[in-house]
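Colleague: what follows is a predicted protein model with its sequence.
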Amino acid sequence: MHKHSPLTFGSILPEAISSFNHLPALGYAGESPLTYRQLGEHIDALMAYLEDLAIMPGDKVAILSQNMPNWGIAFFALQRMGIVAVPLLPDFSTHEISNINIHAGLKAVFVSENLQYKIDTLEIPFEGIVLRLEDFSLIKKRAAKAVFDITKKPVGTYSPDEIDLSILLYTSGTTGEPKGVMLSQKNVITNAIQSNAVQPILPGYKFLSVLPLSHTYENTLGLVLPIMQGASVSYLRKPPIASVLVPAMQAVRPDIMLTVPMIIEKVYKSSILPEIQKKTATRLLTKFAPTRQLIHRMAGRKLMKKFGGRLKFFGIGGAKLDATVERFLREARFPYAIGYGLTETAPLLAGSNPHNTRLQAIGPAVIECELKIANPNPRTGEGEIWAKGPNIMLGYYKSPERTSEVFSEDGWFKTGDLGVFDADGYLSHKGRLKNMIVGANGENIYPEEIETLINNFRHVVESVVVEQKGALVAMVHYNREELELKLKEMKADITQKVDDKIEEIAARADKAVEELTRELHQYINSRVNKISRIHVMVEQRDPFQKTATQKIKRYLYA
């Protein structure tokens with residue numbers, strides 16, 4: 001599959017650093033990046049520093065930080081030495097971090113300055129070594145003489161086994177015993193190679209990173225893959241809101257971006273759709289396919305320019321993409337592609353590139369990986385997606401029972417996702433098995449499909465459909481700011497002035513939401529089959545809580 005043997009960072013990193021010596025590697029958008037040669041020097045110096053701190057192969061070291069070049073340097077140094085990296089999501093609570101610390105047995109933590117308070121305020125004080133990620137300085141000293149010195153080289157020789165535990169990823173730490181996904185270097189490097197076969201990455205390509213490196217999606221596809229292939233990665237110094245992201249895209253002019261559906265869906269709903277609908281002519285023309293496609297093509301050219309004008313691959317993963325938004329991207333000829341995978345699969349299992357996408361389909365299985373539908377429905381072909389290949393996790397840390405539950409006797413990993421293949425081997429995702437609702441007569445109801453309809457209704461941001469006492473309930477989060485602004489504009493049209501009384505506008509918004517909910521309820525039930533009709537529809541005032549890839553934490557609302 002690849003010329004490297006074994007598949008370890010000790011094999012791939014020196015070769016990448018040697019081959020791409022003077023090319024840019026890691027940096028901040030609009031700032032001077034580290035070259036591959038400098039990246040190698042920093043990794044060596046950090047390995048020497050870890051030796052001085054007596055952090056040894058097999059120890060577990062967490063990284064708690066927003067994205068930055070030093071995140072990748074720390075990760076690669078740990079991997080080279082055979083130290084287990086434990087990436088922590090920046091939005092983990094102190095309670096979650098405490099549980100993970102106990103479960104994993106952390107020896108040290110790399111932490112960014114803005115998140116240090118979480119380590120300082122753990123329920124059980126952290127007794128290990130604490131290092132500031134921005135400059136690798138010691139915050140909590142154990143070896144007073146140890147300092148990070150860019151000129152130092154490691155003394156030891158390290159040869160981690162490609163199949164040993166090397167990355168321990170926690171998707172949540174809320175419970176007393178968090179679920180830690182164990183990945184090997186072979187798992188991750190294999191998946192980077194598999195991903196490169198879907199969309200080849202060339203030396204000099206530019207990545208702009210907007211997803212957390214502590215998630216395997218960004219870690220494997222947005223860090224390991226580009227560094228293996230001689231590409232560069234730029235990070236943001238601030239969260240990726242529009243006022244930060246747009247200038248960064250203009251400065252970097254990325255070839256590759258990895259995102260989640262929520263990002264592009266928000267762009268479509270907040271800027272593209274209003275622009276099309278504000279003029280009566282364009283609004284009417286979108287009702288006819290030929291003219292709609294022409295308008296979308298024009299909007300697509302503007303969108304490409306906004307993203308820097310050089311995009312070759314806009315990867316979307318982590319959740320199902322809204323069908324209306326996908327149709328726009330296709331007609332706009334925007335270079336999007338869909339991927340599917342899980343943390344447990346390092347992560348990519350199936351995907352396509354912008355040249356071979358299909359509406360509401362993901363793509364074929366990645367190379368060197370088998371996918372099958374277990375116990376398919378004889379009528380629809382739908383069933384649980386099972387996977388087998390060298391990118392599949394080692395198991396769950398300290399949890400053989402959980403591990404055995406997700407593997408079949410003959411070694412297939414049970415994803416917990418429902419899917420179906422078409423005649424050409426393209427996988428389509430139907431939703432999570434545990435989210436599927438079984439109707440009174442045994443029919444399968446997929447809440448994600450109903451939510452897609454709801455989310456395309458005006459002023460709706462997001463929704464969750466659950467079952468309560470045998471009936472379907474839809475919780476809907478509206479864009480109240482947008483609604484209140486529209487009410488102000490309507491009032492201004494009538495009185496020639498805007499009444500800015502907060503109480504009056506809020507009361508009007510409450511009434512508007514009630515009317516909107518009734519209208520939405522009728523609209524949805526007229527468009528779904530009898531078993532999928534919503535019994536109760538309620539407003540969700542606060543945004544739904546989400547995971548790192550912006551999927552709603554459904555279990556909180558079930």
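Modeller: Cool, the structure landed.

Colleague: would you map the strands across the stretch 251-400 of the chain?
Modeller: For the stretch 251-400 of the chain, applying DSSP state E, counting those that start in this stretch gives strands covering 256-259, 313-316, 336-341, 348-351, 370-374, 383-388, 395-396.

Colleague: in its sheet, which strands sit next to the first one, and in what direction?
Modeller: Think strand 256-259. Partners of strand 256-259 in the sheet, by DSSP bridges, are strand 206-208 (parallel), strand 313-316 (parallel).

Colleague: now render these as CSV, adding distance to residue 507, mean neighbour count and mean pLDDT.
Modeller: For every residue, glycine as well, the C-beta is placed using N, CA and C. Putting the strands paired with strand 256-259 into CSV (distance: least, C-beta to C-beta, whole Å; neighbours: other C-beta atoms under 10 Å; pLDDT from 0 to 100) gives the following:
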stretch, distance to residue 507, mean neighbour count, mean pLDDT
strand 206-208, 43, 25, 98
strand 313-316, 39, 24, 98
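
Colleague: and residue 30, which of the ones you listed is closest to it?
Modeller: With C-beta to C-beta as the criterion, residue 30 lies closest to strand 206-208 of these, at 10.9 Å.

Colleague: pick the most buried one from the strands of the stretch 251-400 of the chain.
Modeller: Mean neighbour count (mean count of other C-beta atoms under 10 Å) peaks for strand 348-351 among the strands of the stretch 251-400 of the chain, with a mean of 28.

Colleague: what does that one rub up against?
Modeller: Identification of contacts with strand 348-351 by C-beta atoms under 8 Å, 6 or more residues apart in numbering yields 191, 194-195, 198, 220-221, 315, 317, 337-342, 362-366, 369, 371, 385, 387, 391, 415, 427.

Colleague: do the same with stretch 508-518
Modeller: Contacts for stretch 508-518 (C-beta under 8 Å, 6+ apart): 458-459, 476, 478, 480, 483-484, 487, 537-539.

Colleague: quick check, distance from it to the centre of its chain.
Modeller: A distance of 33 Å separates the centroid of the chain from that of stretch 508-518, by C-alpha atoms, centre = their mean, to the nearest Å.

Colleague: do stretch 146-162 as well
Modeller: Taking C-alpha atoms, centre = their mean, one finds the center of stretch 146-162 at 31 Å from the center of the full chain.

Colleague: can you give me the end-to-end distance of that stretch?
Modeller: Terminal residues of stretch 146-162 are spaced 30 Å apart (C-alpha to C-alpha, to the nearest Å).

Colleague: give the buried residues for it.
Modeller: 146, 148, 152, 154, 158, 160, 162 (16 or more other C-beta atoms under 10 Å).

Colleague: skip the chain neighbours and tell me the closest residue to residue 199.
Modeller: residue 353 (4.5 Å; C-beta to C-beta, 6 or more residues apart in numbering).

Colleague: what sits against the one you found?
Modeller: Listed by C-beta under 8 Å, 6+ apart, the contact partners of residue 353 are 198-199, 313, 337.

Colleague: quick one: whichever strand or helix holds residue 515 to chain centroid distance?
Modeller: For residue 515, the element it lies in under DSSP states H and E is helix 502-525. In terms of C-alpha atoms, centre = their mean, the centre of helix 502-525 is found 32 Å from the chain centre.

Colleague: so which elements touch the following helix or strand past that helix?
Modeller: Later in the chain than helix 502-525, the nearest helix or strand by DSSP H and E is strand 536-539. In terms of contacts (3 or more C-beta pairs under 8 Å, 6 or more residues apart in numbering; DSSP states H and E), strand 536-539 is packed against strand 471-478, helix 502-525.

Colleague: residues of strand 536-539 that come out buried?
Modeller: residue 537.

Colleague: residues touching that strand, excluding its own?
Modeller: Applying C-beta under 8 Å, 6+ apart, the external contacts of strand 536-539 come out as 468, 471-478, 513, 517, 520-521, 524.

Colleague: could you pull out the strands for the stretch 101-250 of the chain?
Modeller: For the stretch 101-250 of the chain, strands defined by DSSP E, counting those that start in this stretch occupy the ranges 108-111, 129-132, 138-140, 165-170, 180-184, 206-208, 232-235.

Colleague: nearest to residue 270, out of these?
Modeller: Proximity to residue 270 (C-beta to C-beta) singles out strand 206-208 among the strands of the stretch 101-250 of the chain, at 19.7 Å.

Colleague: re earlier: from residue 80, how far out is the residue nearest to residue 199?
Modeller: Counting by C-beta to C-beta, to the nearest Å, the gap from residue 353 to residue 80 is 31 Å.

Colleague: so for the buried residues of stretch 146-162, which is the shakiest by pLDDT?
Modeller: Across these, the smallest pLDDT goes to residue 146, namely 90.

Colleague: contacting residues for it?
Modeller: Contacts of residue 146 (C-beta under 8 Å, 6+ apart): 49, 52-53, 138.

Colleague: ok, 6 Å please
Modeller: By C-beta atoms under 6 Å, 6 or more residues apart in numbering, residue 146 lies in contact with 52-53.

Colleague: same check on the one 4 residues further on?
Modeller: By C-beta under 6 Å, 6+ apart, the residues touching residue 150 are residue 45.

Colleague: can you pull the pLDDT of it?
Modeller: 98.

Colleague: equivalent analysis for residue 495, please.
Modeller: Per-residue pLDDT puts residue 495 at 48.

Colleague: again with residue 551
Modeller: 82.

Colleague: burial count for residue 515?
Modeller: Around residue 515 there are 10 other residues, counting by other C-beta atoms under 10 Å.

Colleague: which secondary element of this structure has the worst mean pLDDT?
Modeller: Ranked by mean pLDDT, DSSP states H and E, the helix or strand of the chain with the weakest confidence is helix 480-495, at a mean of 69.

Colleague: excluding chain neighbours, what is closest to residue 323?
Modeller: Nearest one to residue 323, counting by C-beta to C-beta, 6+ apart, is residue 360 at 5.5 Å.

Colleague: how about residue 37?
Modeller: residue 21 is the one closest to residue 37 (C-beta to C-beta, 6+ apart), at 4.8 Å.

Colleague: count of neighbours near the one you found?
Modeller: Neighbour tally, residue 21, other C-beta under 10 Å: 15.

Colleague: contacting residues around the residue nearest to residue 344 when sequence neighbours are not counted?
Modeller: Excluding the flanking residues, the one nearest residue 344 by C-beta to C-beta, 6+ apart is residue 393, at 4.4 Å. Residues counted as contacts of residue 393 (C-beta under 6 Å, 6+ apart) are 181-183, 344.

Colleague: cool, and residue 101?
Modeller: Counted by C-beta under 6 Å, 6+ apart, residue 101 has zero contacts.
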